[in-house]
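*Asks:* coords below, sequence missing:
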Ligand code: ATP
C-alpha cells in the first residue's frame, strides 16, 4: 500500500504596478522606487508535500521557460525557510502557472511567496509576518507584496510596504506578449536612455497622491489617466510592437493602458466587467497579443486554499 504524504496548496496572485516611479541608479546598482502595486485574480497555485529530496516541477503557462532546478525562486524560498527553521528541506514543490513568465507580473515572486506560505503551513512553523516578510525581501523586491496582496504603496526597492485604501473592484484586461523581457535589461535600458539625456535626469520619485486619492474614490475613470510607469519607454524601446498593443487597447474601449512593471504584458483598466470582456475579445481578434486575460483586483496575497 502506498501512502501519499499530506500536501498544502497556496494560491499566489500576480501584480500590476499602477504607478512605478524610478529614481536614479544608486551606487549599489539598484534604483529607489515609489510604486503602487495591485494584486490581481491571475494566480499560480503552489502545492508542497514532504519528500526525500527538494525538487520543483513547473507546469502550465510558460513552464517551458522556467528551470526546475536550484535557480527556481520556489526552490530558493524553500531553502531559505528550511535554514530559518533549522528543518530538513526535503519537499516536492508543484507549481501550476497562470502568470506569464518574465511578463512584468511577478510570476517568479508569486511562486516564492506561495512556497514560503505553503511550507510554513506544512511544517506548522511559528513564524510571524515580519520574519516571513524579511525572508521574502531577500528573495526578491516584489515577493513581500505578493505575501501582502491588496493594493499597497511600495518604497525602497519596492519591499517596504504600506496598505493603500482602494474602494471597490477594478477590472483589468491583460495582453500577454510573445517572449518575455528581462527586468535587469529593462532597468539598464532606462539608465541608457537617461544617460543620453542628463538634463532630464530623474529626481527622487514622489508619492503619487492624486492616484492614491483616485483609488480611495473607487472610480476607474479617475484612476485610468493617472496610470504611470517610468519603465515604459525602456520596455517600448526593447519591444516596439507594444506601442500597437497599447493603442489597440484604448481604441477597443479601455479607459487607460500601461506596460505592467518591466513588461512586456500590457494592462488595461476598464470601466466595468462587461467592458473588460468586450475589450478582451477585441484585443484577441486584433492580433496584437499572444493571449488575453480578464482579471480583477485587488485580491488577497498568497493564501492556503487546500490541504490534501
Ligand atoms: P517581475 O515583475 O517581478 O520583475 P517578471 O514577472 O517579469 O518579474 P518572472 O516571471 O518572475 O518575471 O521571471 C523572471 C525570471 O525568473 C525568469 O526568466 C525565470 O528564468 C526566473 N525564474 C525563476 N523561478 C521562476 C519561477 N518559479 N517562475 C517564473 N520564473 C522564474
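*Replies:* Received the coordinates, thanks. Bear in mind the structure is a predicted one, so any value in this text is a computation, not a measurement.
*Asks:* alpha carbons only for contacts and neighbour counts from here, please
*Replies:* OK.
*Asks:* now the end-to-end length of stretch 95-104.
*Replies:* 18 Å (CA to CA, to the nearest Å).
*Asks:* go on, stretch 118-130?
*Replies:* 17 Å.
*Asks:* same question for stretch 141-153.
*Replies:* OK, stretch 141-153 end separation, CA to CA: 13 Å.
*Asks:* is residue 288 in a helix, a strand, or coil?
*Replies:* Assigned state for residue 288: coil (three-state reduction, DSSP: H, G, I helix; E, B strand; the rest coil).
*Asks:* apart from its chain neighbours, what residue comes closest to residue 60?
*Replies:* Excluding the flanking residues, the one nearest residue 60 by CA to CA, 6 or more residues apart in numbering is residue 97, at 4.8 Å.
*Asks:* list the contacts for that neighbour?
*Replies:* Neighbouring residues of residue 97 by CA atoms under 8 Å, 6 or more residues apart in numbering: 43, 44, 45, 58, 59, 60, 61, 62, 63.
*Asks:* please repeat the previous calculation with a cut-off of 10 Å.
*Replies:* Residue 97 sits next to 12, 42-46, 58-63, 107-108, 110-111 when contact means CA atoms under 10 Å, 6 or more residues apart in numbering.
*Asks:* drop anything exposed from these.
*Replies:* Neighbour counting by 16 or more other CA atoms under 10 Å classes 12, 42-46, 58, 62-63, 107-108, 110-111 among the contacts of residue 97 as buried.
*Asks:* what's the helix or strand for residue 116?
*Replies:* Assigning secondary structure by DSSP states H and E places residue 116 in helix 107-122.
*Asks:* ok, and of the buried ones among the contacts of residue 97, which contact the ligand?
*Replies:* Restricting these to those within reach of the ligand (CA under 6 Å from any ligand atom) leaves 107, 108, 111.
*Asks:* wait, the second one sits on residue 67?
*Replies:* By that I understand residue 108. No - using CA atoms under 10 Å, residue 108 makes no contact with residue 67, being 11.1 Å away.
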